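**Student:** What would the 3D arrangement of this be:
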Amino acid sequence: MLRLALVLNRHLPRMAGLAMIPLVRILFWLARMLGTERASRTGGAIARRVGPFLPANRIALANLRAAYPEKDEAAVKAIAAQAWDNLGRTGAEYAHLATLFDIDPADPSSQRMSVSGAEHFEALRDDGKPGLIFAAHLANWELPAICAARYGLEATAIFRPPNDIASARLVQEVRRETMGGLAAAGQGAVFSMQGVVERGGHLGQLIDQHFTRGVVVEFFGRPVLVNPLLAKLAKHYECPVHGVRVVRKDDARFHLELTPPLDLPRDAKGEIDVQGAMQAMTRVVEEWVRDNPGQWLWMHRRWRPNMLPKPKIAPATQVETSKAHRGNVTSVADEGAVT
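**Tutor:** Numbering: from 1, shown residues only. Coordinates of the predicted model:
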């Protein structure tokens with residue numbers, strides 16, 4: 001019995017995930033039957049009503065209070081409700097990702113996407129060089145990769161599969177149908193990403209989530225850890241770095257903006273400074289979030305002070321002989337260096 005209990009404990013989460021696959025597919029089918037606008041509205045309405053009762057809502061409210069100390073509680077809760085609405089809409093829109101860029105030539109109002117910075121997409125596509133693109137969990141964050149594919153830009157999106165098996169499988173199917181290359185984040189993935197850049201391809205990554213082995217940057221006035229991959233690749237290959245964001249409009253309509261290449265800070269040797277480059281990218285993301293705070297994923301534990309690297313302590317200085325004889329020890333002050 002004990003062995004059976006251990007086996008069930010080990011495999012039950014996977015079994016439960018597999019059992020959820022039919023349910024998730026039914027929900028996906030229903031979202032398609034509703035059509036784009038109704039599915040988006042329905043997903044937003046459900047998330048807006050259910051979200052405040054979920055544990056993640058406490059994370060969202062704590063994040064918002066710290067990011068906007070000047071706002072009262074009503075304003076904080078209003079932004080959190082908007083964030084839940086956006087998350088629900090994004091989930092429902094997965095069923096329509098393949099058609100969000102479609103347009104009926106006879107009906108201009110069928111255009112759901114407007115794009116600024118299209119010339120930068122074309123320049124990246126035609127310059128014969130590798131390029132890097134950073135983004136954030138804003139509005140429907142799946143759309144930049146689809147837009148790149150529509151512009152004929154050879155791009156590989158780095159993604160982290162959802163923890164839920166059923167959702168992960170369906171999301172993977174949708175992404176492969178609508179996007180270009182995909183690279184799952186994980187052990188060994190960095191080599192495949194380097195390969196993309198070495199072949200002259202383009203790499204896109206969401207940079208607004210916690211990364212335990214990251215570099216320290218400031219976000220909304222507080223230190224966070226960010227994945228330094230894009231900065232390291234930019235330093236090694238001397239390739240341009242652009243930012244891309246999506247802004248949600250009414251009725252499942254969106255505006256996508258690709259920035260010009262960033263002028264990244266360099267060190268005394270003239271090489272791109274990795275920490276400074278990631279700070280520059282994070283500063284752009286913060287501006288985006290401040291523009292549309294209700295469209296960002298506040299439910300993520302972005303700020304984790306307990307996981308920040310500890311400051312380095314310099315070795316104790318050699319004390320004077322007279323003090324050493326008295327058993328006194330002096331030490332150097334904390335340098336406060338952060339790696």
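
**Student:** Give the ranges of residues in this structure that sit below the confidence cut-off.
**Tutor:** Applying pLDDT under 70 to the chain flags residues 1-25, 103-110, 159-192, 312-339.

**Student:** which strand is the longest one in it?
**Tutor:** Longest strand in the chain, counting residues (DSSP state E): strand 241-248.

**Student:** partners of that strand, with directions?
**Tutor:** Strand pairing for strand 241-248, determined by DSSP bridges: strand 131-135 (parallel), strand 254-258 (antiparallel).

**Student:** Give me the distance from the last one to the chain's centre.
**Tutor:** In terms of Cα atoms, centre = their mean, to the nearest Å, the centre of strand 254-258 is set 16 Å apart from its chain centre.

**Student:** Just the residues contacting it, thanks.
**Tutor:** Taking Cβ atoms under 8 Å, 6 or more residues apart in numbering as the criterion, the residues outside strand 254-258 that touch it are 100, 112-118, 120-121, 133, 139-140, 143-144, 147, 242-249. C-beta coordinates here come from the backbone N, C-alpha and C atoms, glycine included.

**Student:** Recalculate using a threshold of 6 Å.
**Tutor:** 113-117, 120-121, 147, 242, 244-248 (Cβ atoms under 6 Å, 6 or more residues apart in numbering).

**Student:** which of the strands paired with strand 241-248 is buried the deepest?
**Tutor:** Among the strands paired with strand 241-248, the stretch with the highest mean neighbour count (mean count of other Cβ atoms under 10 Å) is strand 131-135, at a mean of 26.

**Student:** Can you mark which positions in stretch 57-69 are buried?
**Tutor:** 57, 59-61, 63-64, 67 (16 or more other Cβ atoms under 10 Å).

**Student:** So which residues make contact with that stretch?
**Tutor:** Contacts of stretch 57-69 with the rest of the structure, by Cβ under 6 Å, 6+ apart, involve 51, 76, 79-80, 220, 298-299, 301.

**Student:** ok, 8 Å please
**Tutor:** 51, 71, 75-77, 79-80, 83-84, 220, 222, 293, 298-303.

**Student:** For this structure, just list every one of the strands.
**Tutor:** Using DSSP E, the strands of the chain run over 113-116, 131-135, 155-159, 181-184, 202-206, 215-219, 222-226, 241-248, 254-258.

**Student:** Can you tell me which of those is most buried?
**Tutor:** Of the strands of the chain, the one with the most neighbours on average (mean count of other Cβ under 10 Å) is strand 131-135, at a mean of 26.

**Student:** For that strand, what is the distance to the chain centroid?
**Tutor:** When distances are taken as Cα atoms, centre = their mean, strand 131-135 is centred 12 Å away from the chain's centroid.

**Student:** Show me what it is in contact with.
**Tutor:** For strand 131-135, the external contacting residues (Cβ under 8 Å, 6+ apart) are 124, 141, 144, 148, 155, 197, 202-207, 230, 233-234, 239-245, 258, 281, 284-285.

**Student:** 6 Å instead?
**Tutor:** Against strand 131-135 from outside (Cβ under 6 Å, 6+ apart): 124, 144, 202-207, 230, 234, 239-244, 281.

**Student:** Over to stretch 193-207?
**Tutor:** For stretch 193-207, contacts defined as Cβ under 6 Å, 6+ apart pick out 124, 130-135, 154-158, 183, 226, 230, 233, 237, 281.

**Student:** ok, back up a step: make a PyMOL selection of whichever of the contacts of stretch 57-69 turn out to be buried.
**Tutor:** Selecting only the buried entries of the contacts of stretch 57-69 in PyMOL, with 16+ other Cβ under 10 Å as the criterion:
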select buried, resi 51+76+77+79+80+83+84+220+293+298+299+302+303
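
**Student:** Which members of the contacts of stretch 57-69 occur in helices, if any?
**Tutor:** Using DSSP state H, 75-77, 79-80, 83-84 are the members of these that sit in helices.

**Student:** Which of these sits closest to residue 47?
**Tutor:** residue 84 (4.5 Å; Cβ to Cβ).

**Student:** quick revisit: quick one, which of the strands paired with strand 241-248 gets closest to residue 309.
**Tutor:** That would be, of the strands paired with strand 241-248 and by Cβ to Cβ, strand 131-135, which comes in at 22.5 Å.

**Student:** now the angle from that closest one to strand 202-206?
**Tutor:** Orientation check (axes from the mean of the first three to the mean of the last three Cα atoms, to 10 degrees): strand 131-135 against strand 202-206 gives 20 degrees.

**Student:** Extract the C-alpha trace of stretch 280-300 and format it as CSV.
**Tutor:** Only the C-alpha atoms of stretch 280-300 are listed here, as CSV (Å, rounded to 0.1, in the frame of the first residue of the first chain):
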residue,chain,number,x,y,z
ALA,A,280,18.0,50.0,-20.6
MET,A,281,15.5,47.3,-21.9
THR,A,282,13.8,47.1,-18.5
ARG,A,283,13.4,50.9,-18.4
VAL,A,284,11.5,50.7,-21.8
VAL,A,285,9.3,48.0,-20.4
GLU,A,286,8.5,50.1,-17.3
GLU,A,287,7.5,53.0,-19.6
TRP,A,288,5.2,50.6,-21.5
VAL,A,289,3.6,49.3,-18.2
ARG,A,290,3.1,52.8,-16.9
ASP,A,291,1.3,53.7,-20.2
ASN,A,292,-1.2,50.9,-19.8
PRO,A,293,-0.9,49.4,-16.2
GLY,A,294,-4.1,47.4,-16.6
GLN,A,295,-2.7,45.4,-19.5
TRP,A,296,0.3,44.0,-17.6
LEU,A,297,0.6,40.7,-15.8
TRP,A,298,0.7,41.9,-12.2
MET,A,299,0.0,38.4,-10.8
HIS,A,300,3.6,37.3,-11.3
